[in-house]
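A.B. asks: test case, fold it:
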Amino acid sequence: MATKWRIAMNNVRKAKRYENIWTKTLALILAFALGVGFIICGFHLVRMYEAGVFQTENNFYSSREYSRFCHSENYGIARTFLDSPENLPMANNEKNYEFRILTKQEYGSFHEYFRSESRNISDHEYVYFTFYDTVDTAEPFVESLSWKQEAYDGSPVYISSVNCIIELKIYVPCDVYEDSLWKMYSDYRQYRHYKYLIPEITVALIIAGILVAVFLFSSAGHDYGQDGITLNLLDRMPFDLFTAFMVMIDIGLGMILQDISPSIYDIAEISVFVVVIALMCMVVLFWLLSAVKRIKAATLIRNNVTYHVLHFIYYLFVNLRMVWKIVLIMAIYGLFIIICINDSSDASTAIAVVGSLILAMPILLWFIHADIVREKTEAVAGGDMTQKIDISHMHGALKKHAENINSIQDGIQLAVAREMKSEHLKTELITNVSHDIKTPLTSIINYVDLLQKEHTEEEEIQYLEVLQRQSSRLKKLIEDLIEASKASTGNINADITTINVSEIISQSISEYREKFEENSLEVVITEEKENLQVRADGNLLWRVLNNLYNNICKYAQPNTRVYVNVREQDRNVIIDIKNISREMLNISADELMERFVRGDSSRHTEGSGLGLNIARSLMDVMKGSLDISIDGDLFKSEITLPEA
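C.D. replies: This is a model prediction of the structure:
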């Protein structure tokens, strides 16, 4: 049954995967078609605008296309008149217009220099386009002074720079010759019928294209049944090389497109135009989808040859010695100045001046910051450790140098603080050891002296009990001192084995159950996970727990609970032991871990004050740790050991 279920689920996944592929394929085809349609509509909108379809006059003769045609023909006739007048009869060959040239005479009058052959198409409408040119210049079209959409009326022209009048008599519409003017007028008449339809289609294509683009971009890189972003072979290609490859394809297609001037009546040219545009749209679409997938996969920037080259150059520059960095910068700057001097233009001089100012600013700032570093360093050398260098506005090697000086200051201050703390601890150590040894030793001497004097049998028994107790206390103190010395110097060998935490906790609690009951303490054990195993030395771990339980019995508030919690965290097993202190703990956790420090500052309880310090040293030997924390009267010990 389970096998059939897995087969069915696999079939469902395959079906959804194929459905996902087909959906994306259809979306790509639709996006491709919408892009082609939008570009074609955009092309026709531009043609409609140039043809004057959207102008309020609704007149072909006021369109940009018509004006451009007239200026172009005027330029051609003027060049022919200037360079080779003998070719003027051929200037309007197979064109639907006549022209004449009038040259300037005395007193601003003009006479007819040349008239082209008549077209003999008097039944057609015509318009005039007259140019007042200076044809003796090199660029008569560019230097045209004025033009009018009317015939020359024969009146004098009192403008000294006007040397020639070129009058065009243009037959429109006229299909005697299928010249460019005829094509333009034909397009104009055809476009007038689609004045509102094509803009509406364009808007609809834009809206549909946005919706399809949102779907494609959101689904790019996501394959059904696959976690994360899926990249194909092209997506793994360096992005700059991929972009260059796509740009080269589009440039090649653009060169083909450059030779195409489609008219709405030329089906062959329109077909080639649409195919080329379609291929260009496909290239752009694939580039965009690849860029989106790279952004999602966070590889757009790093997966670039340019990025790695610049990163390598930056790495080389950063790791250069300061002197070579300066040499390199000055060499580049010197080359820049040489290029500007050789150019010897005002722009190059200005660039050189601005470049010098730009380079001078960081150099000036560098010297200012270097002087600040020098002053602070002298202050540190004089013993003033409070002088910190402000590195917020520094950069590069100087900033690193200032950071090192600040770090040296911090290190010196920390070393001084540690030394002062060490001296304080040494003083306390001598005082505490003297007190803890002197107290039982004084009792022993006094009671031995009492035994030597006259006394009763009952007093002798009492004296011997005191001697026994004080000698045991002195022995325990000496043993703790020896053990602390061994633990701190690493002279204790640990036999690391796998230990069941639950068992050792239960056994140790059972061992101390009577003492806990004597002090009215209730032990509560919780385990987040049963049978946790640790790597430790059983004997050393027992001694650690023994020290902690012993402290609890001495210092815990009677009629309270002791909580022992075992938990697992980050491949470690942690044993938390919490109790309420009887005494007010006016001491930090770090100080409590030091030698000869007790929870009662009056030192009226028995003990050496070495228990926690020894326990921590034993945990260090087992590659574990012992941490304590104090929160009011709550005392918490945390034993951490590596999990087996």
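A.B. asks: what about the spatially closest residue to Met48 that is not a sequence neighbour, neighbour count?
C.D. replies: In space, and not counting its chain neighbours, Met48 is closest to Tyr191: 4.7 Å by Cβ to Cβ, 6 or more residues apart in numbering. All C-beta spots, glycine's among them, are computed from the backbone N, C-alpha and C. Here the count is done by other Cβ atoms under 10 Å, and Tyr191 has 21 residues near it.
A.B. asks: what do you get for the one 5 residues further on?
C.D. replies: Other residues near Tyr196 come to 8 when the count uses other Cβ under 10 Å.
A.B. asks: again with Tyr447
C.D. replies: 17.
A.B. asks: which residues of the stretch 301-450 of the chain fall in helices?
C.D. replies: 305-318, 322-343, 346-381, 396-452 (DSSP state H, counting those that start in this stretch).
A.B. asks: can I get these in CSV including mean pLDDT and distance to Gly35?
C.D. replies: Output for these, formatted as CSV (pLDDT from 0 to 100; distance: least, Cβ to Cβ, whole Å):
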stretch, mean pLDDT, distance to Gly35
helix 305-318, 82, 29
helix 322-343, 73, 44
helix 346-381, 74, 42
helix 396-452, 74, 49
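A.B. asks: pLDDT weak spots in the stretch 451-600 of the chain?
C.D. replies: Applying pLDDT under 70 to the stretch 451-600 of the chain picks out residues 480-481, 483-491, 589-600.
A.B. asks: that one: strands as residue ranges?
C.D. replies: 497-500, 521-527, 533-536, 560-569, 572-580 (DSSP state E, counting those that start in this stretch).
A.B. asks: of all those, which lies closest to Thr80?
C.D. replies: Closest to Thr80 of those, according to Cβ to Cβ: strand 560-569, at 95.1 Å.
A.B. asks: name every strand pairing with that closest one and say which way it goes.
C.D. replies: Its sheet considered, strand 560-569 pairs with strand 521-527 (parallel), strand 572-580 (antiparallel) by DSSP bridges.
A.B. asks: got a list of what the residue sitting furthest away from the middle of the chain touches?
C.D. replies: Note on the chain: the largest C-alpha distance from the chain mean falls to Glu454, namely 91.7 Å (Cα atoms, centre = their mean). Under the criterion of Cβ atoms under 8 Å, 6 or more residues apart in numbering, Glu454 has no contact partners.
A.B. asks: give me the phi and psi angles of it.
C.D. replies: The phi/psi pair for Glu454 (degrees, to the nearest 10) reads phi -70, psi 130.
A.B. asks: likewise for Glu583?
C.D. replies: Dihedral angles for Glu583 - degrees, to the nearest 10 - are phi -90, psi 160.
A.B. asks: give me the neighbour count for it.
C.D. replies: 17.
A.B. asks: one step back: distance between the helix or strand the residue nearest to Met48 falls within and the chain's centre?
C.D. replies: Per DSSP states H and E, Tyr191 falls inside helix 180-191. Here the centre of helix 180-191 is set off from its chain's centre by 55 Å, with Cα atoms, centre = their mean, to the nearest Å.
A.B. asks: counting contacts, what elements does that helix pack onto?
C.D. replies: helix 2-50, helix 64-83 (3 or more Cβ pairs under 8 Å, 6 or more residues apart in numbering; DSSP states H and E).
A.B. asks: mean confidence for it?
C.D. replies: Helix 180-191 comes out with an average pLDDT of 76.
A.B. asks: checking my notes, Arg100 in a helix, right?
C.D. replies: No: going by DSSP: H, G, I helix; E, B strand; the rest coil, the assignment for Arg100 is strand, not a helix.
A.B. asks: excluding its backbone neighbours, what's nearest it?
C.D. replies: Arg115 (4.2 Å).
A.B. asks: just Tyr66 next, same as before
C.D. replies: Computed as Cβ to Cβ, 6+ apart, the closest residue to Tyr66 that is not its neighbour in sequence is Phe60, at 5.9 Å.
A.B. asks: number of nearby residues for that neighbour?
C.D. replies: By other Cβ under 10 Å, neighbour count at Phe60 equals 22.
A.B. asks: OK, contacts around Val562?
C.D. replies: Val562 neighbours (Cβ under 8 Å, 6+ apart): 516, 521-524, 552, 556, 577-579.
A.B. asks: dump these to TSV, plus distance to His308 and neighbour count.
C.D. replies: What follows is the contacts of Val562, written out as TSV (distance: Cβ to Cβ, whole Å; neighbours: other Cβ atoms under 10 Å):
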residue	distance to His308	neighbour count
Phe516	67	17
Leu521	67	22
Glu522	67	11
Val523	63	19
Val524	61	10
Ile552	62	24
Ala556	65	23
Ile577	55	21
Lys578	56	18
Asn579	60	25
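A.B. asks: save these as CSV, and put in distance to Glu125 too.
C.D. replies: Formatted as CSV, the contacts of Val562 follow (distance: Cβ to Cβ, whole Å):
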residue, distance to Glu125
Phe516, 121
Leu521, 120
Glu522, 117
Val523, 116
Val524, 111
Ile552, 117
Ala556, 118
Ile577, 111
Lys578, 108
Asn579, 114
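A.B. asks: just give me the closest of those to Arg100.
C.D. replies: Nearest to Arg100 among the contacts of Val562, with distances taken as Cβ to Cβ, is Lys578, at 114.4 Å.
A.B. asks: beta partners of the closest one?
C.D. replies: Under DSSP bridges, the beta-bridge partners of Lys578 are Tyr563, Lys636.
A.B. asks: domain map for the protein?
C.D. replies: 2-47+195-296, 79-183, 320-375, 493-642 (automatic domain parsing).
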